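K.L.:
one predicted model, sequence on top.
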4 protein chains.
Amino acid sequence: MRLTAPALFFNDCLVSHKESPMEAPTPRRRRKDARPAELLDAALDTFREKGFAATRMEDIAARAGVSKGTIYLYYPSKEAVFEALVRANLVPRIERIQALMATAQGPATERLHMMITAFAQVAADARLVALPKLVLAEAGNFPDLARFYRHEVIGRGLAIVAGILRGGMESGEFRALDPEVTARLFMAPMILAALWRTTFAPIEDAPLPPETLLRQHLDLFLRGLRPEPAS
Amino acid sequence: MRLTAPALFFNDCLVSHKESPMEAPTPRRRRKDARPAELLDAALDTFREKGFAATRMEDIAARAGVSKGTIYLYYPSKEAVFEALVRANLVPRIERIQALMATAQGPATERLHMMITAFAQVAADARLVALPKLVLAEAGNFPDLARFYRHEVIGRGLAIVAGILRGGMESGEFRALDPEVTARLFMAPMILAALWRTTFAPIEDAPLPPETLLRQHLDLFLRGLRPEPAS
Amino acid sequence: MRLTAPALFFNDCLVSHKESPMEAPTPRRRRKDARPAELLDAALDTFREKGFAATRMEDIAARAGVSKGTIYLYYPSKEAVFEALVRANLVPRIERIQALMATAQGPATERLHMMITAFAQVAADARLVALPKLVLAEAGNFPDLARFYRHEVIGRGLAIVAGILRGGMESGEFRALDPEVTARLFMAPMILAALWRTTFAPIEDAPLPPETLLRQHLDLFLRGLRPEPAS
Amino acid sequence: MRLTAPALFFNDCLVSHKESPMEAPTPRRRRKDARPAELLDAALDTFREKGFAATRMEDIAARAGVSKGTIYLYYPSKEAVFEALVRANLVPRIERIQALMATAQGPATERLHMMITAFAQVAADARLVALPKLVLAEAGNFPDLARFYRHEVIGRGLAIVAGILRGGMESGEFRALDPEVTARLFMAPMILAALWRTTFAPIEDAPLPPETLLRQHLDLFLRGLRPEPAS
DNA sequence: GATGAATGAGCCTTCATTCAT
DNA sequence: GATGAATGAAGGCTCATTCAT
């Protein structure tokens, strides 16, 4: 089985500002365009460290190297910063995975492997995994955001996996199970590993390497999916 | 396979007040003894709804039917309320599961089933599952509490499952794997289902019944653990 | 010059409870009679340590060995405790000095000496000298008390000294000066030494013994009062 | 004896803001520079009226014409306001007296006279004399401040007087005494007069003019210091 | 656009006072 | 009389937000 690690998968900066190559922006112009992304970048780091409530606008501003008032030129409130942060960072990721999987052609087993690899890379990015935890923690105070996250991020992720599973079941590679349920079970250890890392990393004595966990997960899971021997 | 659902397992009230039958407490006295539990009860509900930071002491007090100052007769700060809440509610649960599992004698497969059943009951209690999520969300601000939770709750739970798995591997019921890693993989869907419920329940259109998920998890997992046929 | 140190002058407890020898009080009865004095005693110590504002009724109660509510059986408010404390402790002192001086018969010089000795004993009692400082600090918030203190304590003290001085001037022992002004000048170092002790004692490296100060004060002052030589 | 009243001695405003003539500050900027001084000014008046504990930050703010929060832009706490107030106002005064006395050349008697005159001017400023009383009253709660005041204000003042006295003793102008002790005795009536004024002024029927007191003090004191006639 | 001084609503916490027992 | 649980007004402090420069 070839493990096509999508090498360039998640190595761009968190908040991408797509500068069109047509224009030649003056420094001033570029600065202005980059501002929102810089602010979200600073916001993410601060939210990660302190949580949403304990983060002060001044902290974000200081980290972004601007003054407090500047944030309000781009975002009308602290809540809006948070929402923009989550919206801007997660959908592009999931869309790339979608695109990758749409073109992938191998057997379902290999494609599940790719999913795990892709996910492992996301989970390896401490800044990125902080977002789900923030959403989790603040879902009660941001119902819109929770809905957005549920549908645009989790929903898409599960759909991808369910699609792979369905393909494998139809081709006889896997035994027949409910693909939706199975997709959740497939994702669970990965999501939890990511949350775990974010939450207990600073206090863990002997952290379990995520690769070990995910490799064994795939092993167990694929065996569990194996069709019954035709006795 | 007999599913011994531990029927009386988690049906007591969250914070139990053990009134000694020896004394004949005046109403005043009885009230005082019950206060801490009433306050924690109110605090849990409020934290659940709003999260730690957004909860005002006055909210807790109002829900408990007392005035703001009364809380400070029993807990020195909002942080202390939170810590007491987590400490008081989680350890007793896990200890009961420990005790149950220590005496259980059946095959490892059945004992895993019991674990899932026990856990499903905990997860069915919406108030109870709010606690792990709160810990998750606030771990950064409460390192001591995170450590406590990691060791006294998660550590114990994993140890129980790892023990069952190790027993099954030694008896040849399961194939040989790292029990620690496998224990994490066994717990992952359950924990995530609990967090899920807490986070997305209010916005979910067609929630997946936890029983469905857990039943299939056990099915997949046990197949994955099955020893290689000695072809 | 004989220094009649009034040995028994200030050695009683601060708040005297005058038990009539006629009755034979039951312990209960005695306790009840003693309560106000005990409370004031405790209040004085606590005010001394923390000042009026920073003293909590509970501190006073704890030191007196009673519960918070008990204080309110005897004094209607914290202010009332303070006022009672000042009123109860200062007038008896000054009255004794008054009585002593009324019967003293020696030359004015010796009587001034007695005043200083008497005052030195008061100033040696750290608990007692705390009262003037408290009055000073709180005078703005207790105008009635300030007036009381000014007239009943300071006024009487000055009158005694002025009387001695006037006697000395009339007898030719001292030269003629305004007795009121001179009385103030005579008292100033003593009062200041007392305040000093209360304020800077905990931070002073090499405190000046009050006796040294007062001895030299008397020396300087008496020379200053000496009549002009009838050249 | 020429009484060189240092006419310009203490007639500046309490908190001076030195605006550099080089810059052309915007109104906004000028305001910001002036703020700390304005706040301390308002704080002094409020502390004078109510004492430290009974003064609310809002009182200070209102008197300074700003909002509560503004104070915290300049001082981190109420304690810090108090400390800044004392530190900013007393040291400059004492330094000026030091400078004046360092250059004074007359006989010791005349220099003592100058000290009294200088002190009388300070004592005539009701706002200024409130500070020692505040320090006295709050010393227990501000040990650092008490130490500062003891060393930087009182210590310097006593050193100046002791130096004058020592000079007079060496030149034979005064008889030989311990200069440290004598300095305290020289200062006592002045300090007490200042405290007196602050404390009992509002309730005094017939206040004694400080000049009367100080003139007679000097008279008595200088006679007391006079060398023995060589019989 | 950017700044940062200023605002003021809001919250945690304290504690004098009350009153049922 | 004595208790101490309960109250709730008050105040120190924070910080999201505004706006004059």
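P.N.:
Cool, the structure landed.
K.L.:
what values do phi and psi take at A:S77?
P.N.:
Dihedral pair for A:S77: phi -160, psi 170, per degrees, to the nearest 10.
K.L.:
and it, how far from A:A88?
P.N.:
Shown here: A:S77 relative to A:A88, a distance of 16 Å by CB to CB, to the nearest Å. In short, each C-beta sits where N, CA and C put it, glycine included.
K.L.:
which one of those two has more residues nearby?
P.N.:
Neighbours per residue (other CB atoms under 10 Å in any protein chain shown) separate A:S77 from A:A88, with A:A88 holding more: 16 against 11.
K.L.:
tell me what the longest helix along chain A is packed against?
P.N.:
Determined from DSSP state H, the single longest helix within chain A is helix A:27-54. Helix A:27-54 is packed against helix A:57-64, helix A:68-74, helix A:78-103, helix A:126-138, with contacts defined by 3 or more CB pairs under 8 Å, 6 or more residues apart in numbering or on different chains; DSSP states H and E.
K.L.:
nearest to DNA strand E, of the ones you listed?
P.N.:
When the helices and strands packed on helix A:27-54 are ranked by distance to DNA strand E, counting by CB to the nearest atom of the strand, first place goes to helix A:68-74 at 2.0 Å.
K.L.:
what packs against that closest one?
P.N.:
Packed against helix A:68-74, as judged by 3+ CB pairs under 8 Å, 6+ apart, are the following elements: helix A:27-54, helix A:57-64.
K.L.:
alpha carbons of that helix, as PDB, please.
P.N.:
What follows is the C-alpha trace of helix A:68-74 in PDB, where atoms were taken according to Å, rounded to 0.1, in the frame of the first residue of the first chain:
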ATOM      1  CA  LYS A  68      -6.900  48.400  19.900                       C
ATOM      2  CA  GLY A  69      -9.000  50.600  17.800                       C
ATOM      3  CA  THR A  70      -7.700  49.100  14.500                       C
ATOM      4  CA  ILE A  71      -9.400  45.800  15.100                       C
ATOM      5  CA  TYR A  72     -12.700  47.600  15.000                       C
ATOM      6  CA  LEU A  73     -12.000  48.900  11.600                       C
ATOM      7  CA  TYR A  74     -12.200  45.300  10.300                       C
END
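K.L.:
so for that helix, what gets flagged as buried?
P.N.:
Neighbour counts over helix A:68-74 (16 or more other CB atoms under 10 Å in any protein chain shown) mark A:71, A:74 as buried.
K.L.:
now the worst-scoring helix or strand of chain A on mean pLDDT: how far from the chain's centre is it?
P.N.:
Within chain A, no helix or strand scores below helix A:27-54, which has a mean of 84 by mean pLDDT, DSSP states H and E. Helix A:27-54 has its average C-alpha position 18 Å from the chain's average C-alpha position, going by CA atoms, centre = their mean, to the nearest Å.
K.L.:
how big is the angle separating it from helix B:126-138?
P.N.:
With axes from the mean of the first three to the mean of the last three CA atoms, to 10 degrees as the criterion, the two stretches helix A:27-54 and helix B:126-138 enclose an angle of 140 degrees.
K.L.:
measure how helix A:27-54 sits relative to helix A:78-103, angle-wise.
P.N.:
Orientation of helix A:27-54 against helix A:78-103 (the same axes, to 10 degrees) gives an angle of 110 degrees.
K.L.:
list the buried ones in helix A:27-54?
P.N.:
Applying a neighbour-count criterion of 16+ other CB under 10 Å, the buried positions in helix A:27-54 are A:35-48, A:51-53.
K.L.:
so that helix versus helix A:57-64, what angle?
P.N.:
Orientation of helix A:27-54 against helix A:57-64 (the same axes, to 10 degrees) gives an angle of 140 degrees.
K.L.:
anything in the helix or strand where A:L213 lies near chain B?
P.N.:
For A:L213, the host element (DSSP states H and E) is helix A:210-225. Yes - between helix A:210-225 and chain B, judged by CB under 8 Å from any CB of the partner chain, the touching residues are A:212-213, A:216-217, A:219-225.
K.L.:
filter those residues to the buried ones?
P.N.:
In terms of neighbour count (16+ other CB under 10 Å), the buried residues within the residues of helix A:210-225 next to chain B are A:213, A:216-217, A:220-225.
K.L.:
tell me what the helix or strand that contains A:E110 is packed against?
P.N.:
Per DSSP H and E, A:E110 falls inside helix A:108-124. Judged by 3+ CB pairs under 8 Å, 6+ apart, the packing partners of helix A:108-124 are helix A:78-103, helix A:126-138, helix A:156-170, helix A:179-200, helix A:210-225.
K.L.:
format the ones you listed as CSV; extra columns: distance to B:G106.
P.N.:
CSV is the format used below for the helices and strands packed on helix A:108-124 (distance: least, CB to CB, whole Å):
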stretch, distance to B:G106
helix A:78-103, 42
helix A:126-138, 36
helix A:156-170, 32
helix A:179-200, 24
helix A:210-225, 22
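K.L.:
out of those, deepest packed?
P.N.:
Among the helices and strands packed on helix A:108-124, ranked by average contacts under mean count of other CB atoms under 10 Å in any protein chain shown, first place goes to helix A:179-200 (a mean of 22).
K.L.:
hmm, that helix in reach of chain B?
P.N.:
Yes - contact between helix A:179-200 and chain B, assessed by CB under 8 Å from any CB, occurs at A:180-182, A:184-185, A:188-189, A:191-193, A:195, A:199-200.
K.L.:
what do you get for stretch A:142-159?
P.N.:
Yes - judged by CB under 8 Å from any CB, stretch A:142-159 comes into contact with chain B at A:143, A:146-147, A:150.
K.L.:
got a winner among those residues for most neighbours?
P.N.:
If you rank the residues of stretch A:142-159 next to chain B by neighbour count (other CB under 10 Å), A:A146 sits at the top with 21 neighbours.
K.L.:
what about it, which helix or strand?
P.N.:
With DSSP H and E as the test, A:A146 turns up in helix A:143-148.
K.L.:
show me what that helix is packed against.
P.N.:
In terms of contact count using 3+ CB pairs under 8 Å, 6+ apart, helix A:143-148 is assigned the packing partners helix A:78-103, helix A:126-138.
K.L.:
just the CA trace of the last one, in CSV.
P.N.:
So that's helix A:126-138. Backbone C-alpha positions of helix A:126-138 (Å, rounded to 0.1, in the frame of the first residue of the first chain) are rendered in CSV as follows:
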residue,chain,number,x,y,z
ALA,A,126,-1.2,22.9,17.2
ARG,A,127,-2.7,26.1,16.0
LEU,A,128,-5.2,24.5,13.8
VAL,A,129,-6.5,21.9,16.3
ALA,A,130,-7.2,24.7,18.7
LEU,A,131,-10.2,25.7,16.6
PRO,A,132,-12.4,22.7,17.2
LYS,A,133,-11.8,23.0,20.8
LEU,A,134,-12.7,26.6,20.9
VAL,A,135,-15.9,25.9,18.9
LEU,A,136,-16.7,23.1,21.4
ALA,A,137,-16.1,25.3,24.4
GLU,A,138,-18.0,28.2,23.0
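K.L.:
perfect, that will be all.
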